[in-house]
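> need a 3D model of the sequence below.
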Amino acid sequence: MEDKRLKREIQDLKITVRIGHNGIKESVITEIIDQLNSRGLIKIKANKGVLDASSRKIFWTDLAKKTESKLVNQIGNVAVFMKK
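Modelled structure (predicted):
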């Protein structure tokens, strides 16, 4: 049951952080941490051309480590993170 609820919540979740061509700056990491603390679950999108298919998983996993969060779901340029 918990998985169905989480999947529904992820599907309804709006993107609140976008990663542009400037990449991840300290201010973006701080914003992600703040949002995780207030919401618990956030959706992040990397703009087209920022990530290639071979580096996406590594990028999202590294971002989870930097923000001390858990990577819940990742499809293409969109990832969902949960506060640990």
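
> for the longest helix along the chain, packing partners?
Scanning the chain for the longest helix, with DSSP state H as the assignment, gives helix 26-39. Packing partners of helix 26-39 (3 or more Cβ pairs under 8 Å, 6 or more residues apart in numbering; DSSP states H and E): strand 15-19, strand 41-46, strand 78-83. (C-beta placed from N, C-alpha, C; glycine too.)

> can I get those strands in JSON lines with mean neighbour count?
Output for these, formatted as JSON lines (neighbours: other Cβ atoms under 10 Å):
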{"stretch": "strand 15-19", "mean neighbour count": "15"}
{"stretch": "strand 41-46", "mean neighbour count": "20"}
{"stretch": "strand 78-83", "mean neighbour count": "20"}
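
> Serialize those to CSV and add fields for mean pLDDT.
CSV is the format used below for these (pLDDT from 0 to 100):
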stretch, mean pLDDT
strand 15-19, 95
strand 41-46, 96
strand 78-83, 96
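
> how about JSON lines for those, with distance to residue 26 added?
Shown next, in JSON lines, are the helices and strands packed on helix 26-39 (distance: least, Cβ to Cβ, whole Å):
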{"stretch": "strand 15-19", "distance to residue 26": "14"}
{"stretch": "strand 41-46", "distance to residue 26": "16"}
{"stretch": "strand 78-83", "distance to residue 26": "17"}
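
> so which of these is nearest residue 53?
Closest to residue 53 of the helices and strands packed on helix 26-39 is strand 41-46 (Cβ to Cβ; 11.8 Å).

> and stretch 65-73, how far from the chain's centre?
Chain-centre distance of stretch 65-73: 7 Å, with Cα atoms, centre = their mean, to the nearest Å.

> if you could redo that for stretch 5-25, that was the one I meant.
On Cα atoms, centre = their mean, the centre of stretch 5-25 falls 5 Å from the chain's centre.
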